[in-house]
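# fold the stuff below for me.
(2 chains)
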Amino acid sequence: MYKIKEGMLSWLLHKITGVAIVAYLIIHIWSMAKMSKGPEAFNAVIETYKTTLFRAGEVLLLGAILFHGLNGFRLILAEFTAWASKRHKLLIYLTYVLAVVLFIIGGWFMWRAEG
Amino acid sequence: MSSRGSQAWLFQRVTAVLIFLLLGTHVFLYHYLMGPANWGYDILGFGAADLAKIKADPNLMKYYSLAKVFANPMWKVFDVTLITVGTYHGFYGIKAIIDDWVTHNGWRAIGNWVTYLIGFIIWVIGVVAVISFTPKLY
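Alright, predicted model coming up:
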């Protein structure tokens, strides 16, 4: 029971970040299709990317992708290797620590970068 | 577990690994190598007068530096692969959430088909945009 409890939050976060990434994927493919029409269309879309709201969203997206990717990697390890399935709890915590550290570093670079 | 279910399960893992590799390349190429620091680093074959106009406008420089990559058939194949693998993995994930949470058979079937339909439409929009892309000359 203890093991199941440990994995519950990871399981839920994996679904939430997955849905968020799909929502972004829809916006991304849609706007790329618009941008590819020519320089004027490209510039119009680029202007919306420079808004604070969109840039904050991009930083949050990085967090979602980092967690989803690292947790997915952990899941594959746990499913395919005995080594990882024996270290279930440790790897869950390691996933959180890595995701937070990379989010802080990456998010800082993204936020201070221009455009 | 049915063999169809375990096949889908395995496919979600295979596409996950592919996305890790392809998305890493995609972000590095489009958002770092082609980023603000390297705007206009590889511009299409323009004359001196047009080139001066483009270099005066940072947005145009970005458009043409991306356009050169985007028009290359090798990167078109890359982008179509990434769109295909990405939409499959993403929308199959949504379908799996619907399967877990929607207990009513009818609503689950409707939810699954709506998910497939939106996924297919997004895939078509992406693939058509990539394949038909030709840079507009300034």
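# next one: phi and psi at the spatially most central residue of chain A?
The residue lying closest to the centre of chain A (Cα atoms, centre = their mean) is A:I65, at 1.4 Å. Dihedral pair for A:I65: phi -70, psi -40, per degrees, to the nearest 10.
# tell me which residues in the helix or strand where B:F120 lies are buried?
Take DSSP states H and E as the rule and B:F120 turns out to sit in helix B:105-131. In terms of neighbour count (16 or more other Cβ atoms under 10 Å in any protein chain shown), helix B:105-131 has its buried residues at B:R108, B:G111, B:N112, B:T115, B:G119, B:I122, B:W123, B:I125, B:G126, B:V127, B:A129, B:V130. In short, each C-beta sits where N, CA and C put it, glycine included.
# could you list which of the residues you listed also contact chain A?
Restricting the buried residues of helix B:105-131 to those adjacent to chain A (criterion: Cβ under 8 Å from any Cβ of the partner chain) gives B:I122, B:I125, B:G126, B:A129, B:V130.
# could you dump these to JSON lines with pLDDT?
Listed next are these as JSON lines, based on pLDDT from 0 to 100:
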{"residue": "B:I122", "pLDDT": "98"}
{"residue": "B:I125", "pLDDT": "98"}
{"residue": "B:G126", "pLDDT": "97"}
{"residue": "B:A129", "pLDDT": "94"}
{"residue": "B:V130", "pLDDT": "94"}
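# just the CA coordinates of stretch A:52-59, formatted as CSV?
In CSV, the C-alpha atoms belonging to stretch A:52-59 read as follows (Å, rounded to 0.1, in the frame of the first residue of the first chain):
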residue,chain,number,x,y,z
THR,A,52,4.3,38.3,-20.9
LEU,A,53,1.3,35.8,-20.7
PHE,A,54,2.7,33.7,-23.5
ARG,A,55,6.3,33.7,-22.2
ALA,A,56,5.0,32.7,-18.7
GLY,A,57,3.1,29.9,-20.4
GLU,A,58,6.3,28.7,-22.2
VAL,A,59,8.2,28.6,-18.9
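# for the biggest helix by length in chain A, buried residues please.
For chain A, the longest helix by residue count, based on DSSP state H, is helix A:2-35. Using 16+ other Cβ under 10 Å as the test for burial, helix A:2-35 gives A:7, A:10, A:13-15, A:17-18, A:20-22, A:24-26, A:28-30, A:32-33, A:35.
# quick check: residues of chain A near chain B?
Neighbours of chain B within chain A, by Cβ under 8 Å from any Cβ: A:15, A:18-19, A:21-22, A:25-26, A:29-30, A:32-33, A:36-39, A:42-43, A:46, A:69, A:72-73, A:76, A:79, A:113-115.
# now for residue 97, how many residues are close by?
With no chain named, the answer covers chain A. Using other Cβ atoms under 10 Å in any protein chain shown, A:V97 has 11 other residues around it.
# that's the wrong chain, I wanted chain B
Close neighbours of B:I97, defined as other Cβ under 10 Å, add up to 17.
# so which helix or strand takes in the residue lying farthest from the centre of chain A?
Within chain A, the residue lying farthest from the chain centre (Cα atoms, centre = their mean) is A:E40, at 30.4 Å. Element membership for A:E40 (DSSP H and E) is helix A:39-49.
# report all helices and strands that that helix contacts.
Secondary-structure packing of helix A:39-49 (3 or more Cβ pairs under 8 Å, 6 or more residues apart in numbering or on different chains; DSSP states H and E): helix A:2-35, helix B:58-70.
# and the last one, average pLDDT?
When pLDDT is averaged along helix B:58-70, the result is 77.
# list the buried ones in it?
Neighbour-count burial for helix B:58-70 flags B:58-70 (criterion: 16+ other Cβ under 10 Å).
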